[in-house]
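[1] The following block contains a protein sequence and its predicted model.
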Amino acid sequence: MSDLSPEKPDTESPLKRQLRTIIFGTDTPAGRYFDIGLMVCIVLSVALVFLDTVEAVHQDYGHIIRVLEWVFTLIFTIEYGLRLYCATHPVLYARSFYGLVDLLSVLPSYLALFIPGANFTLVIRVLRLFRIFRVLKLLRYLSEGNLLLKAMLQSSRKVFLFFFSVSLIIMVLSAVMYVVEGPENGFSSIPKSVYWTIVTITTVGYGDITPKTQLGQAIAAFTMLLGYSIIAIPTGILTAEISQEVGRHRDLRSCNQCHKMGHDLDATYCNRCGCELDKLEAPHGKGDK
């Protein structure tokens, strides 16, 4: 994925073209080193924000962290300015996802001069690590991500129906526990009982509210066992949809040598023995003879 638009005619300076190649490109050594250096700066700047929330570190090294934060802010400000300068269409870049994230990554430091505490929003810089997809050429794996997304969309209605059913079960169990245990045992309201039921049914079990009566403990045991069964259902639904989606992306060609089936649709050779596969036949339309 590139932040560039189609090239303009050669009316711009060589410096601008070279900067564009370095900043927006990853096919040259200079561009790759620039992006890797940028990733290192982003990780370090986010790590400083995390460390500054530790009281002991803030007291001993807070002034050093503030100086380093401003160093990184100046680096990112200069980088953002250079991107605007050498982008083929600066407005399109500024309105893009990466452009907005780049801008938001430098604004908090300047806002902190007028709004105390605003610098903690610097953690938004972690979003800039999405650029690693360009640096490491990971876009080729987006097809697998699309497959997972399609499977999730295909199973959305089933999952929604499942969670709706679980919500009804939670409300019933919550009302029962409120009646059985009552406010004297910590179940002071039905919403409080809903909280206990969700914590129990998900097998988290904080222990801040516990049933005291024998009947309440029996219901709690039933809720725990029910939770183990419930957790597995959405996983099974999604797994089934993924299997079906994977099947749609496979063909039924059989290898002439090892007879393996289920190759990718664009496969030319068998992924087991390397034998060349028969070419896929084009689908016949209704008007074909």
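    Perfect, thanks for sending it.

[2] In the helix or strand where Leu226 lies, which residues are buried?
    Secondary structure assigned from DSSP states H and E places Leu226 in helix 214-248. Across helix 214-248, burial judged by 16 or more other C-beta atoms under 10 Å covers Gly216, Ile219, Ala220, Thr223, Leu226, Gly227, Ile230, Ile237, Leu238, Glu241, Ile242, Glu245. Placement of C-beta: from N, CA and C, glycine included.

[3] Tell me which other helices or strands the helix or strand hosting Tyr80 touches.
    Using DSSP H and E, Tyr80 falls within helix 55-86. Packing partners of helix 55-86 (3 or more C-beta pairs under 8 Å, 6 or more residues apart in numbering; DSSP states H and E): helix 14-24, helix 29-52, helix 90-95, helix 97-104, helix 107-111.

[4] State the mean pLDDT of that helix.
    The average pLDDT within helix 55-86 is 91.

[5] ok, now stretch 31-39?
    86.

[6] how about it: buried residues?
    Gly31, Arg32, Phe34, Asp35, Leu38, Met39.

[7] what about the chain, any weak spots by pLDDT?
    Counting by pLDDT under 70, the chain shows low-confidence ranges at 1-11, 26, 117-123, 130-146, 245-254, 259-267, 271-272, 278-289.

[8] and Tyr93, what does it touch?
    By C-beta atoms under 8 Å, 6 or more residues apart in numbering, Tyr93 lies in contact with Asp3, Arg83, Leu84, Ala87, Gly99.

[9] how close does the residue nearest to the fourth one when sequence neighbours are not counted get to Thr73?
    Read that as Ala87. Leaving aside its chain neighbours, Ala87 sits nearest to Tyr93 (4.1 Å; criterion: C-beta to C-beta, 6 or more residues apart in numbering). Going from Tyr93 to Thr73 by C-beta to C-beta, to the nearest Å gives 20 Å.

[10] Check the secondary structure at Asp27 for me.
    coil (DSSP: H, G, I helix; E, B strand; the rest coil).

[11] picking that back up, nearest to Pro211, of the helices and strands packed on helix 55-86?
    helix 29-52 (39.3 Å; C-beta to C-beta).

[12] helices or strands up against that closest one?
    Checking 3+ C-beta pairs under 8 Å, 6+ apart, helix 29-52 ends up next to helix 14-24, helix 55-86, helix 132-135.

[13] Report the inter-axis angle for it versus helix 14-24.
    50 degrees (axes from the mean of the first three to the mean of the last three C-alpha atoms, to 10 degrees).

[14] For the nearest residue to Ser174 once chain neighbours are set aside, which residues are in contact?
    Distance criterion C-beta to C-beta, 6+ apart; nearest residue to Ser174, sequence neighbours excluded, is Ser193 at 3.9 Å. Residues near Ser193 by C-beta under 8 Å, 6+ apart: Leu173, Ser174, Ala175, Met177, Tyr178, Glu181, Phe187.

[15] which one of these is nearest Leu44?
    Ser174 (47.1 Å).

[16] For that closest one, the count of nearby residues, please.
    Ser174 has 22 neighbours, counted by other C-beta atoms under 10 Å.

[17] so how far is the helix or strand hosting it from its chain's centroid?
    Secondary structure from DSSP H and E places Ser174 in helix 156-181. Centroid separation for helix 156-181 versus its chain: 29 Å, with C-alpha atoms, centre = their mean, to the nearest Å.

[18] tell me the angle that helix makes with helix 214-248.
    Going by the same axes, to 10 degrees, helix 156-181 makes 170 degrees with helix 214-248.

[19] starting at the chain centroid, how far to the very next helix or strand once past helix 156-181?
    Next in sequence after helix 156-181, counting helices and strands by DSSP H and E, comes helix 190-201. Its chain's C-alpha centre and that of helix 190-201 lie 29 Å apart, by C-alpha atoms, centre = their mean.

[20] Now Glu276: phi and psi?
    Dihedral pair for Glu276: phi -70, psi 140, per degrees, to the nearest 10.

[21] Apart from its chain neighbours, what residue comes closest to it?
    Going by C-beta to C-beta, 6+ apart, Glu276 has Tyr269 as its nearest residue, at 5.6 Å.

[22] From Cys258, how far off is that neighbour?
    Where Cys258 is concerned, Tyr269 sits at a distance of 12 Å (C-beta to C-beta).

[23] and if you look at Phe76?
    54 Å.
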